[in-house]
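Chemist: Make a model of this:
(one chain, ligands or ions: 1)
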Amino acid sequence: MTATTSREGQLWSRCGGCASLLYRKRLRRNLDVCPECGAHARVDAPERLLQLVDPGSFTALPERPAEVDPIGFVDLLPYPHRLTAARAGTGLAEAVVCGTATVGRHPCVLAVMDFRFLGGSLGCVVGELITLAAERALADGVPLVLVTASGGARMQEGALSLMQMATVSQAIAALREAGLLTVSVLTDPTYGGVAASFATNTDVVLAESGARMGFAGPRVIRQVTGRDLPEGFQTADFLLRHGQVDMVVPRHALRGRLVALLAAARAGRRPASRPGVPRQEPSSLVARPAGGAATTSAAPGGDAWETVRLARHPGRPTTLDYLETAFDGFVELHGDRLGADCPAVVGGLARLDGRPVMVIGHQKGHTTAELVGRNFGMASPAGHRKALRLVRLAARLGLPVVTLVDTPGADPGVRAEEQGQAAAIAENILALTVLPTPVVAVITGEGGSGGALALAVADRVLMLQHAVYSVISPEGCAAILWPDRPAAPQAARALRLTGPDLCRLGIVDDLVPEPAPAAHHDPQAAARALREAVLAHLLPLLDVPPATLVRRRRQRFRRFGAARLGARAGAR
Ligand SMILES: [Zn+2]
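Modeler: So this is what the prediction gives:
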């Protein structure tokens, strides 16, 4: 629905679907669905809550966000200015509203995103608030309902916002383990990091009529593939046809469907079966000191953009190179068992200094032909599902997992979207958060966004000296925030994507030094350094009991948002 025209004040709206001029009150009574053509206008979080919950039953959770600008991000405007404007414009503290309520007299916890607030983007505070909502659901033993509306992760918070995909996913995993229902309601639009995590790794996924959901946005896909997109691409009906959502629900029926789901979950639950609520260890609430102190001094003094260019150098050792040099006896395992074998992800059994491990990594190549054959290291859903199969196999065999991350990002293609790219990434993130064997991830080249995180939820995250790890490519960030000029080098600096920056933020634990001037000048030396670093971090993990391992891994990802909340204010 477009904004009202000034002449008509607030009384009339023009439908975005059929252009009918509609009396505003009548439209609101009709839940912002056009009575002429059925188009569903976007609704904000407060209005959505009014539509879904029993009258008067909603109590906001007490946590309030503090002012936060974790990487000091500046584009044309400093990030805090954008936050202030979003708060003034919406009357909300952040892009999500969380609270307890009853829906059809069934108690639940809801987290409702608001697209008006910086595009509903997922930053540290949003991740923390949704995680706290999930933890409240766990503590109360009630279902969690997520209503998503988001352009994706919030680039102004760099890789820290990427981490929120893991943080929220592990909270979802805890609800799964406790047998508590999780439901997501996809509303228009739901993209990127939100689509590739908690929007799709819940038990039941509803799509509101007219909603679009995908990992890559249509603009990006059109740009990358140079093709027109199929009619109805990424719409709710498309998602239903491709098996990615349980149902498409018109807004009028949404509350009724939720009531039915909550009723079924309640009937099926035996109260005695609920395990005790896991308590967070106090240590997880304390900000961790900057990691990687031992080797950050080996970091390049160079510019972030120069590091990006080194990380992408075609001569840089690939995963198969490292499997040849740093590991022994690699036996490659192929296929996702669902109909495909993605060449951009390789994996299998290998030995590291005599110990058996499962190694999984993105595979690029050195020549154009190799790069094309490997889809430039951009994994399809089949690649993510192959990785998932292999980590689960590792868990069954009790083998540690080593992942080597080198991807510009997940495959942003039409087929990838049809085959559920977002859900494939989301499932991997969730599976890695609960894996009972040690996981060490090494960013060896490019750590691009959700595609990288799909292999990087680990007990230890290492990074080669000239590798980068980022929520969005510098070019992608520049196109959005500096639309009038080429600003990728500037964006690279603003995003804090180099190893030393990420160590300071606690996202990366240690840097792996490269032979001077960079890994591709001496691949053998690079392999030795990688092997030593992985061993140094993996060996201490081998003796940790599985339950402790999983708990610590969760705490590792939990802390990225925990420090971002201010004093608890009373419920509104
Ligand atoms: Zn209409």
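
Chemist: can you count the residues close to residue 226?
Modeler: 7 (other C-beta atoms under 10 Å). Any C-beta I mention is one placed from the backbone N, CA and C, and that applies to glycine too.

Chemist: can you check residue 326 too?
Modeler: Around residue 326 sit 27 other residues, with neighbours defined as other C-beta under 10 Å.

Chemist: What residues does it make contact with?
Modeler: Residue 326 makes contacts with 352, 527, 528, 530, 531, 534, as judged by C-beta atoms under 8 Å, 6 or more residues apart in numbering.

Chemist: which of those count as buried?
Modeler: The neighbour-count criterion (16 or more other C-beta atoms under 10 Å) marks 352, 527, 530, 531, 534 among the contacts of residue 326 as buried.

Chemist: Please report the average pLDDT across the longest helix that the chain contains, rounded to a whole number.
Modeler: Secondary structure assigned by DSSP state H gives helix 158-177 as the longest helix of the chain. The average pLDDT within helix 158-177 is 95.

Chemist: Give me the distance from whichever helix or strand comes after it to the chain's centre.
Modeler: Using DSSP states H and E, the helix or strand that follows helix 158-177 in sequence is strand 182-191. Mean-position distance between strand 182-191 and its chain equals 14 Å (C-alpha atoms, centre = their mean, to the nearest Å).

Chemist: So which bits of the stretch 351-500 of the chain are right by the ion?
Modeler: Counting by C-beta under 5 Å from the ion, none of the residues of the stretch 351-500 of the chain come close to the ion.

Chemist: Correction: the previous question concerned the chain.
Modeler: Close to the ion, as judged by C-beta under 5 Å from the ion, the chain has residues 15, 17, 18, 20, 34, 36, 37, 39.

Chemist: 8 Å instead, please
Modeler: By C-beta under 8 Å from the ion, the residues of the chain that approach the ion are 15-20, 22, 34-39.

Chemist: List buried members of those by neighbour count.
Modeler: 15, 17, 22, 34, 39.

Chemist: Make sure the fourth one is actually in contact with residue 22.
Modeler: Yes. Residue 34 is within contact range of residue 22, at 6.5 Å (criterion: C-beta atoms under 8 Å).

Chemist: Would you pull up the residue in the stretch 351-500 of the chain closest to the ion?
Modeler: residue 417 (26.9 Å; C-beta to the ion).

Chemist: what's the closest non-adjacent residue to that residue?
Modeler: residue 214 (5.0 Å; C-beta to C-beta, 6 or more residues apart in numbering).

Chemist: got the contact list for residue 453?
Modeler: Contacts of residue 453 (C-beta under 8 Å, 6+ apart): 162, 163, 165, 166, 425, 429.

Chemist: Do you know the pLDDT at it?
Modeler: Per-residue confidence (pLDDT) for residue 453: 97.

Chemist: likewise the one 4 residues further on?
Modeler: Here, the pLDDT recorded for residue 457 equals 97.

Chemist: ditto for residue 264
Modeler: Here, the pLDDT recorded for residue 264 equals 82.

Chemist: same thing with the one 10 residues further on?
Modeler: The predicted local distance difference test score for residue 274 is 41.

Chemist: Over stretch 396-412, what's the mean pLDDT, rounded is fine.
Modeler: Taken as a whole, stretch 396-412 has an average pLDDT of 95.
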